[in-house]
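Trainee: Sequence first, predicted coordinates after that:
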Amino acid sequence: MLLLYQYDEAADLVLVVTVQDARDRHPQRRALGPNRIAAVGHGAFVLCDAASVTERVGYECRRCGQWHEELPFAYHAEAPAYWRDSDHANPRSELGEEQCVIDDEHFFVRGLIRLPVLDASEDFEWGVWVSLSRDSFERASELWATEGRESEPPYFGWLSTELDLYEPSTLSLRAQVHTQPVGLRPLVELEPTEHPLAVEQREGITLARVQEFAERLLHD
């Protein structure tokens with residue numbers, strides 16, 4: 001992993017811009033590995049490692065009053081909102097690191113919703129799950145290791161992660177799933193509605209909003 005230090009004079013921040021390494025090249029349906037839990041809502045979220053954390057000079061948390069040295073720029077859901085612990089015992093269900101099947105009827109892929117951060121040099125990321133049709137899921141699986149797969153047209157899907165910081169619910173928001181080059185997760189583009197998450201994806205957020213995410217997710 002490559003760390004590039006950059007000073008943002010306008011925001012008076014020291015940023016660590018990271019480049020993803022080979023660990024992000026996940027095989028299809030590989031077993032979930034250990035992660036640090038960041039928050040628990042309708043599903044568990046994991047706080048990414050250094051490759052997804054922007055280090056700041058620090059911030060004072062308004063929830064606990066303590067000084068924190070890092071501001072996370074990404075949170076990831078471990079499973080779709082519809083996955084239950086009992087599904088592990090179902091031979092027709094499978095939860096991998098990048099794909100999920102429930103009862104051989106419901107199909108999900110993992111992707112990223114990126115929110116531009118207007119006063120920082122990188123985007124904030126929500127790691128989410130999106131349900132696809134069987135045909136789209138099978139097509140994505142066929143192209144999983146195919147170079148040039150990013151030329152594939154986007155797949156229609158339904159957001160299948162509940163982000164409790166937003167009202168109304170984020171479940172079942174309409175989305176387009178854009179395939180990325182081999183080794184990179186797809187990007188999830190929400191339908192341009194007035195839902196707060198869709199608005200933030202279109203218009204961007206500020207570092208103050210990123211701090212609000214941390215204060216909520218790391219303490220709730």
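Mentor: Cool, the structure landed.

Trainee: any idea how far residue 207 is from residue 97?
Mentor: 30 Å (Cβ to Cβ, to the nearest Å). Every residue, glycine included, has its C-beta placed from N, CA and C.

Trainee: So between those two, which is more surrounded?
Mentor: residue 207 (20 against 15; other Cβ atoms under 10 Å).

Trainee: where's that one relative to residue 107, distance?
Mentor: 36 Å.

Trainee: Repeat that for residue 189.
Mentor: Distance from residue 189 to residue 107, by Cβ to Cβ: 19 Å.

Trainee: Helices of the protein, residue ranges please.
Mentor: 134-142, 196-203, 207-217 (DSSP state H).

Trainee: Mind checking those helices for the one nearest to residue 171?
Mentor: Closest approach to residue 171 among these (Cβ to Cβ): helix 196-203, 11.1 Å.

Trainee: Would you point out which residue is most central in the chain?
Mentor: residue 127 (1.0 Å; Cα atoms, centre = their mean).

Trainee: beta partners of the closest residue in space to that one that isn't next to it in sequence?
Mentor: Leaving aside its sequence neighbours, residue 127 sits nearest to residue 76 (Cβ to Cβ, 6 or more residues apart in numbering; 2.9 Å). With DSSP bridges as the criterion, residue 76 is bridged to residue 46, residue 127.

Trainee: Residue 76 reaches residue 113, doesn't it?
Mentor: No: using Cβ atoms under 8 Å, residue 76 is not in contact with residue 113; the gap is 10.8 Å.

Trainee: Tell me which of those two has more neighbours.
Mentor: Under the criterion of other Cβ under 10 Å, the comparison of residue 76 against residue 113 puts residue 113 first, with 25 against 21.
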